[in-house]
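prediction below, plus the sequence it came from.
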Amino acid sequence: MAIRTVVWGENIHERTNKVVAEVYPKGMHTTIAEALNTDGAISATTATMEQDQHGLPQSRLDETDVLIWWGHKDHGGVSDETVERVAKRVWEGMGLIVLHSGHFSKIFKRLMGTPCDLKWREAGERERIWVTNPGHPIAQGLGDGFAIEYEEMYGEHFDVPEPLETVFISWFQGGEVFRSGLTYRRGNGNIFYFRPGHETYPTYHQAPVQHVLRNAVKWAYNANNRNTAVHYGNVPIEKAPEPIVERGPKLHAPGEEGYK
Ligand code: ZN
């Protein structure tokens, strides 16, 4: 079965900014989904912020293997309930790919636990994306890397936890560098942060960028979901794997729920 992928787009600048609307007449989310669907192993659909429950009700998330997230203008407009639903699905095993300005999204900050701040500059600079982990599945088919002629600069320090793997590092014309492809694991879920994708530039129309996204969806997919609804709790003495005799003082009565 193809990897069920949902591309989530904030879809605000595409409707309110003339430049962005010209670069992405169907929205960035549609451009990305169409690029993913050129690969038969991926089945991509879209969801956008203005839809009911931001297009991500529980029923939809339950049938999503990998979620891609692009937001910028209104991170605060995403409801906390949606953020928690998405976080829980990541802990269960849903893959999450966070793009560009999604570094400040509620869901990314929730899962990273750090400010996720960075330096930035809008000057249409050339970005060279260097592969720093050539054996990584996300880097396959890219050689040493690739260049994007016009991009926004993101510079270090990127205030995220030390990643599991650094797949790409970017250099910008103005001199800054940035860790632009980072992997994490939270619970059972694989997470990939990918830097490029400023909305006034045609970044997601470019072949190497689309190639990275297809690789990333396949890497993030985890067929082994874990049911987080299972509650572990207090193990009674008679259920201990080895026989034991109770001794010493106790805080809890037998069978009592623990504190939370
Ligand atoms: Zn940007």
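Yep, that arrived.

when you work out contacts or count neighbours from here on, use the C-alpha atoms and nothing else.
Fine.

okay, strands next: where are they in this structure?
3-9, 42-48, 66-70, 95-99, 119-131, 145-155, 165-172, 177-186, 189-194 (DSSP state E).

lowest-confidence helix or strand of this structure?
helix 13-16 (a mean of 94; mean pLDDT, DSSP states H and E).

show me what that one is packed against.
helix 18-23 (3 or more Cα pairs under 8 Å, 6 or more residues apart in numbering; DSSP states H and E).

name the residues that touch the helix it packs on?
His13, Glu14, Arg15, Gly27, Glu199, Thr200, Tyr201, Pro202 (Cα atoms under 8 Å, 6 or more residues apart in numbering).

skipping adjacent residues, who's closest to the second one in space?
I take that to be Glu14. Leaving aside its chain neighbours, Glu14 sits nearest to Ala21 (4.5 Å; criterion: Cα to Cα, 6 or more residues apart in numbering).

pull out the buried positions in the least confident helix or strand of the chain.
For helix 13-16, a neighbour-count test (16 or more other Cα atoms under 10 Å) marks His13, Glu14 as buried.

list phi and psi for the closest residue to Pro134 other than its chain neighbours.
In this structure, Pro134 finds its nearest non-sequential neighbour in Gln140, 7.1 Å apart by Cα to Cα, 6+ apart. Per-residue torsions, Gln140: phi -60, psi 140 (degrees, to the nearest 10).

count of neighbours near Gln140?
Counted with other Cα atoms under 10 Å, residues neighbouring Gln140 total 15.

and if you look at Phe158?
17.

relative to Glu165, how far out is it?
The gap separating Phe158 from Glu165 is 15 Å, by Cα to Cα, to the nearest Å.

same question for Gly255.
Taking Cα to Cα, one finds Gly255 at 43 Å from Glu165.

same question for Val23.
For Val23, the distance to Glu165 - Cα to Cα - is 32 Å.

the more surrounded of these two?
A direct count of neighbours by other Cα under 10 Å for Val23 and Glu165 places Val23 higher, at 18 against 14.

got a markdown table for the strands of the chain, with distance to Val78 and mean pLDDT too?
Supplementary listing: these in a markdown table, determined by distance: least, Cα to Cα, whole Å; pLDDT from 0 to 100:
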| stretch | distance to Val78 | mean pLDDT |
| --- | --- | --- |
| strand 3-9 | 11 | 98 |
| strand 42-48 | 11 | 98 |
| strand 66-70 | 12 | 98 |
| strand 95-99 | 15 | 98 |
| strand 119-131 | 23 | 98 |
| strand 145-155 | 24 | 98 |
| strand 165-172 | 28 | 98 |
| strand 177-186 | 21 | 98 |
| strand 189-194 | 19 | 98 |
